[in-house]
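Visitor: Sequence first, then the predicted structure:
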Amino acid sequence: MPTPLPDLTSWASEWSDVRVTVVGLGEVGFSLIDTLAELEATTTVVYSGPVGDRATIAGVLGVSTVEVSGEEDTVRAVQDSSPDLVILAPEWEPALEVEATLWHSDLVVWSDVEFSVRVADKSGVAPPFVLFGGGRSAYSADTAQRIFLHGQVRAARAGVDAPPVLDAIRHPDGTDVVLWTLSDRQLWRMGRVLTTARRPVVTVSIDDDGALPGELLQALYTQTVLGCVYLRMAGATERAVENADVVEGCRAIGVAVDTPGMSDLGRVEDIICDRAFLADRKDRALELCTVDELAQAGFSSPEDVEAALAALAVVRALDVPPEVIGGALHAPGWPGGK
């Protein structure tokens, strides 16, 4: 496995000396080449299929474009471009054996995740990242964003069902936290590169056992700083959390619609409780809201409440107080709310 380029660790790195080939020209692929153009890297993009006017705009940005007709042609075009670095956009999802040709070559290959976290310090300090994996994660990410915004925390959504993360990173007003939903292929690619550049503050997966393979769960939870949030009934996910190589001090945070154990969030009678983010969590629980308040906001089924609990774990990990949570749940505009 090629070693990541050691000197490309920041927006301030010497990107102008680097030849980069981006694979894929969907929405994220375009955000990659637009960012690389701003960094003055020598950039080529390899793509196939309809891309609207993105190829034309790429030319205006000074990016070389190579249109190909198939997956194997894509690999050959990448190799022919003789890049110092290859960045794979999530829109490019070839057969794994085709993509493996790149990973097993002498080329340095990154996912868009690897690149994005390295240039996240454009404004001087990189915002904290919360990473979500699995099919149910977008609901939790959206919920966490609403609560953050109610508490005057500038929270940006990115990834699956959301804008590209580089839009948040490059926003002129900056952002306080990025809530990033990742696809399965992005998680698979994260597992290909051993790096300390990714240090998400919180990671979340609340899918049932088997929804995400153990390899992808390990990639998601690796290097987490504060808390790995998981569905307490999902034994395979819990084992992935226990085995993950996390930053010292990171804790496993279980969520379930039942009585929470220490370091968990859950339900006691009609109260949603936090036993994770308080000083005396061994003997006490902190009331966050009521089950009825969740239902009024549209979280009525057990699955919806689990998604809400994961969102509450995220905001509590970043010090949002219970009164902000209650105020957010009473605010108008919740999907499915009354």
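Guide: Structure's in. What do you need?

Visitor: For T65, see how far away A244 is.
Guide: 39 Å (Cβ to Cβ, to the nearest Å). Every C-beta, even on glycine, is put in place using the N, C-alpha and C of the backbone.

Visitor: Repeat that for V130.
Guide: On the measure of Cβ to Cβ, V130 and T65 end up 34 Å apart.

Visitor: care to break the protein down by domain?
Guide: 15-117, 124-330 (automatic domain parsing).

Visitor: With mean pLDDT and mean neighbour count added, can I get those in TSV?
Guide: Putting those into TSV (pLDDT from 0 to 100; neighbours: other Cβ atoms under 10 Å) gives the following:
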stretch	mean pLDDT	mean neighbour count
domain 15-117	96	19
domain 124-330	94	20
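
Visitor: Quick check: phi and psi at I272.
Guide: phi -90, psi 120 (degrees, to the nearest 10).

Visitor: Could you do T143 as well?
Guide: According to degrees, to the nearest 10, T143 has phi -60, psi -50.

Visitor: hang on, isn't it packed against A307?
Guide: Yes - under the criterion of Cβ atoms under 8 Å, T143 makes contact with A307 at 6.5 Å.

Visitor: What lies in contact with stretch 168-183?
Guide: With Cβ atoms under 8 Å, 6 or more residues apart in numbering as the test, stretch 168-183 has contacts from 35, 38, 90, 113, 116, 119-120, 122-123, 127-133, 137-138, 141, 144-145, 148, 153-162, 165, 190, 201, 220, 314, 318.

Visitor: ok, back up a step: next, format the domains of the chain as CSV and append distance to L8.
Guide: Shown next, in CSV, are the domains of the chain (distance: least, Cβ to Cβ, whole Å):
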stretch, distance to L8
domain 15-117, 7
domain 124-330, 9
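
Visitor: which one of those domains lies closest to D7?
Guide: domain 15-117 (9.2 Å; Cβ to Cβ).

Visitor: got the end-to-end distance for the closest one?
Guide: 15 Å (Cα to Cα, to the nearest Å).

Visitor: which residues sit in contact with L107?
Guide: P2, V78, Q79, P83, V86.

Visitor: Where do the strands of this structure begin and end?
Guide: 19-23, 42-47, 64-67, 85-88, 109-111, 129-133, 155-159, 177-182, 202-205, 227-231, 251-255, 264-268, 271-274, 286-290 (DSSP state E).

Visitor: could you dump the ones you listed to JSON lines with distance to F30?
Guide: Listed next are the strands of the chain as JSON lines, based on distance: least, Cβ to Cβ, whole Å:
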{"stretch": "strand 19-23", "distance to F30": "9"}
{"stretch": "strand 42-47", "distance to F30": "8"}
{"stretch": "strand 64-67", "distance to F30": "11"}
{"stretch": "strand 85-88", "distance to F30": "12"}
{"stretch": "strand 109-111", "distance to F30": "16"}
{"stretch": "strand 129-133", "distance to F30": "21"}
{"stretch": "strand 155-159", "distance to F30": "15"}
{"stretch": "strand 177-182", "distance to F30": "18"}
{"stretch": "strand 202-205", "distance to F30": "27"}
{"stretch": "strand 227-231", "distance to F30": "31"}
{"stretch": "strand 251-255", "distance to F30": "36"}
{"stretch": "strand 264-268", "distance to F30": "38"}
{"stretch": "strand 271-274", "distance to F30": "41"}
{"stretch": "strand 286-290", "distance to F30": "40"}
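
Visitor: Quick one: closest of these to R239.
Guide: Nearest to R239, of those and by Cβ to Cβ, is strand 227-231 at 9.7 Å.

Visitor: Strand 129-133 and that closest one, what's the angle between them?
Guide: Interaxial angle of strand 227-231 relative to strand 129-133 (axes from the mean of the first three to the mean of the last three Cα atoms, to 10 degrees): 20 degrees.
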